[in-house]
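> Whatever this is, show me its structure:
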Amino acid sequence: MNQDKMGTFIAQLRKEKNMSQYDLAEHIHISRDAVSKWERGKRCPEPDCLIKLSEIFNVSINELLYGEKTSKNNIDGIEEIPIKLYDERNRKQKTLKLLIWVLFLLIFCFLIYYFVNTYNSLNVYHIYYENEDIKISDGVLVVTNEKIYFNLGGVLVKNDIKFIELFYKDKKGNDNLIIKTDSNNIVFNDFKGYNEYFNFQDIEYIIKNLYLKVYLNESEEIIKLNYEKNFSNDYFIPKEELNSINDDVDYDIDLESAEEKIKNSFFCNDSFCINDNSDYEMVYILNARTLTISYEEDIKIEWIYNFKNNHLIYQEYNKNKLITKYVQEKSKSNCEKGDCKNILKQKKTFNEIIKLIN
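Residues are numbered from 1 along each chain as shown. So this is what the prediction gives:
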């Protein structure tokens, strides 16, 4: 269908009727601008307008669409107009369907790409170790696709530490030093790329083969660090927030008085304070301002309170395997692992233990 030819034909028919564009527009109940666009080939009349034009000019709709009155030379072309319109409509529908399928395929490919790059892209590990002389309970390793955060959480030993080394054994049994420090703690960030501490491609193997060499005044000890994966974003439905129990127990602590009592009643050195009584083991890390309270019966129960941000973490272990973890912040509460139905009772117990510090 040739719109220019159709427009010229409509203008010709209008002039033969001695009608202006305004007159024709008034008969069809449209604007003069619409008629002007038809005649300039900018727009095709709507079906209802074609019927009215056919009645006004006494021509068939096929003749209007073809742009000529029927003659011996064009009769075949005019009769084929419906077939051509049908074919054109089918072609547009097929093109539209193809575009929809291409769009769907692009969206699907994007979702696959996003899923591959984000699923299981964040992993949090608990690093720990304990024997008669050395204890590590608060180590944290956070691994993403682009960054690693490592915080050993403090190495508690009976004797003074000269320095410590963190390393891993490669597949050939060689020691690969990661970092060396004279502090009782190791904290660092690592970014994927040049001069990285960890080879990101081998991170799972490295985590399984992390060692710590502790140099004391007269001896040294090599320990293999234990690990437990606490969190991984390998789920499709977000974890439930337990906001309903936020206000049931006020666990806010008088920071100055509680920390002062700890420093006065615990055994302290330059790095930490410890109080190992018959019921609970309490360790306060000075620079981190973190208090860990734990006891063990059938299972090991542990509270970790951070005086800096007023966060409380409750954890249960069965044979050194984390089975329950609950995190209480000021604005929300998250049950990150296991069954947290009894957390309200455990928060009350935590408050009672804090009140016993004198």
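
> Compute the distance between residue 204 and residue 142, please.
14 Å (C-beta to C-beta, to the nearest Å). Where you see a C-beta, it was placed from the backbone N, CA and C, and this is true even at glycine.

> likewise residue 312?
In terms of C-beta to C-beta, residue 312 sits 20 Å off from residue 142.

> Please apply the same query to residue 308.
Counting by C-beta to C-beta - residue 308 and residue 142 are separated by 18 Å.

> the more surrounded of residue 204 and residue 142?
residue 142 (16 against 9; other C-beta atoms under 10 Å).

> Let me see the backbone angles for the more buried one.
Note on residue 142: its backbone torsions stand at phi -110, psi 120 [degrees, to the nearest 10].

> if I pick it, what's in contact with it?
The contact partners of residue 142, taken as C-beta atoms under 8 Å, 6 or more residues apart in numbering, are 122-125, 148-150.

> Tell me which stretches of the stretch 201-350 of the chain form helices.
203-208, 255-265, 343-356 (DSSP state H, counting those that start in this stretch).

> Please give the element, helix or strand, for residue 166.
strand 161-169 (DSSP states H and E).

> That strand pairs with which strands?
Strand 161-169 has its sheet partners listed here by DSSP bridges as strand 175-181 (antiparallel), strand 210-216 (antiparallel).

> Check the offset of it from the chain's centre.
34 Å (C-alpha atoms, centre = their mean, to the nearest Å).

> Check stretch 257-275 too.
Distance, centroid of stretch 257-275 to centroid of chain: 40 Å (C-alpha atoms, centre = their mean).

> Let me have the strands paired with strand 161-169 in TSV, extended by mean pLDDT, mean neighbour count and distance to residue 118.
As requested, those are exported to TSV (pLDDT from 0 to 100; neighbours: other C-beta atoms under 10 Å; distance: least, C-beta to C-beta, whole Å):
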stretch	mean pLDDT	mean neighbour count	distance to residue 118
strand 175-181	89	14	27
strand 210-216	90	18	26
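
> In TSV: those strands, plus distance to residue 288.
Shown next, in TSV, are the strands paired with strand 161-169 (distance: least, C-beta to C-beta, whole Å):
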stretch	distance to residue 288
strand 175-181	15
strand 210-216	18
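
> Provide the secondary structure category for residue 124.
Secondary structure state of residue 124, per DSSP: H, G, I helix; E, B strand; the rest coil, is strand.

> Verify the stated contact: it with residue 144.
No - in this structure residue 124 lies outside contact range of residue 144 using C-beta atoms under 8 Å: 9.9 Å.

> More neighbours: these two, which one.
When neighbours are counted by other C-beta under 10 Å, residue 124 and residue 144 differ, and residue 124 comes out ahead with 17 against 14.

> show me the contacts for the more buried one.
Neighbour list for residue 124: 140-143, 229-232 [criterion: C-beta under 8 Å, 6+ apart].

> just curious, which of those is nearest to residue 101?
residue 232 (35.2 Å; C-beta to C-beta).

> Show me this protein divided up by domain.
3-79, 123-232, 243-356 (automatic domain parsing).

> Switch these over to CSV; also include distance to residue 92.
Below are those laid out as CSV (distance: least, C-beta to C-beta, whole Å):
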stretch, distance to residue 92
domain 3-79, 14
domain 123-232, 44
domain 243-356, 53
